[in-house]
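*Asks:* Prediction below, plus the sequence it came from.
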Amino acid sequence: MERNWDVIREVLIEVESLTDEQRQNFVYAASPDADSMARNKAKHALLLFDAGFISGHVADYLDDGRHLMMPDLTWEGHELLATLRSKPIWERIKNTAQERGIELSFDAVVQLGKAALALLIG
């Protein structure tokens, strides 16, 4: 699976928007029988969990894949979302990275986000 920053941004926004009640029943399931979009979001949510940007409970099922239940953002997840939330800043980050041939790593996203914000404010 290739990491997709647009999906990462979508997952972070989705998790942040959950109410406490919704969170209790929310599951990202990387089930083999899930549609490809849901499976892709689940795999990215699990990457974010493994990297410490999302908290929750993970269950591994032999026949149904890995599931992330009751997701919530960690402090680091909120910080990453603060960089990615603004659509104009996110578009500038992606465009700048593409123009300069920069791979979108976490550090590159943060640094490009700071530069994009400075340009928009400046």
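*Replies:* Yep, that arrived.

*Asks:* For K41, report the pLDDT, please.
*Replies:* On pLDDT, K41 comes in at 95.

*Asks:* begin at 897 from here
*Replies:* OK, 897 is where the count begins now, so the last one is K937.

*Asks:* State the helix or strand in which it lies.
*Replies:* Using DSSP states H and E, K937 sits within helix 932-946.

*Asks:* now for the next helix or strand after that helix, which elements pack on it?
*Replies:* Counting by DSSP H and E, the next helix or strand C-terminal to helix 932-946 is strand 950-957. Where contact means 3 or more CB pairs under 8 Å, 6 or more residues apart in numbering; DSSP states H and E, strand 950-957 is packed against helix 901-913, helix 932-946, strand 961-969. The way it works is simple: take the backbone N, C-alpha and C, and place the C-beta from them, glycine included.

*Asks:* so what strands line up beside strand 950-957?
*Replies:* For strand 950-957, the paired strands and their directions (DSSP bridges) read strand 961-969 (antiparallel).
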